[in-house]
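K.L.:
give the three-dimensional model of this entry:
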Amino acid sequence: MFRKNEEKYGVVSSYNQDLAGYTTQLDKSDLESYKKHEEQALQVAEEIEKNLAVLDRNNKLENDDDEEEAFSAVVRPRSNMNTNAVSDLPATVG
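P.N.:
Here you go, the predicted structure:
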């Protein structure tokens, strides 16, 4: 894709395959420190995954068929819904 954009449009991508510049690079030269931080990250991830509220939410999202409703639909209370919206429009003179 990048090659086609370069050939067709003259656009040169700055994308770097190792994601340098996009994420925080880990210093693996200090192996002891790296292992310690990796263990801490695994513990935090385990705590999050064991949290029942998170587990329930994730299960609901995975099994819910309607992402539109879950993430982007505007939900309005039924009591405020006007079933005859046309009557709210001003009368036209004509």
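
K.L.:
tell me how many other residues crowd the nearest residue to residue 22 once chain neighbours are set aside.
P.N.:
Nearest residue to residue 22, sequence neighbours excluded (C-beta to C-beta, 6 or more residues apart in numbering): residue 16, at 7.4 Å. Quick note: C-beta positions are derived from backbone N, CA and C, even for glycine. When counting by other C-beta atoms under 10 Å, one arrives at 9 neighbours for residue 16.

K.L.:
that's a helix at residue 16, yeah?
P.N.:
No: using DSSP: H, G, I helix; E, B strand; the rest coil, the secondary structure at residue 16 is coil, not a helix.

K.L.:
surely it and residue 25 touch.
P.N.:
No: using C-beta atoms under 8 Å, residue 16 makes no contact with residue 25, being 10.9 Å away.

K.L.:
by residue count, which helix of this structure is the longest?
P.N.:
helix 31-50 (DSSP state H).

K.L.:
now the element after that helix, going C-ward?
P.N.:
Next helix or strand after helix 31-50 toward the C-terminus (DSSP states H and E): helix 52-63.

K.L.:
that next one: how far from the chain's middle?
P.N.:
Its chain's C-alpha centre and that of helix 52-63 lie 15 Å apart, by C-alpha atoms, centre = their mean, to the nearest Å.
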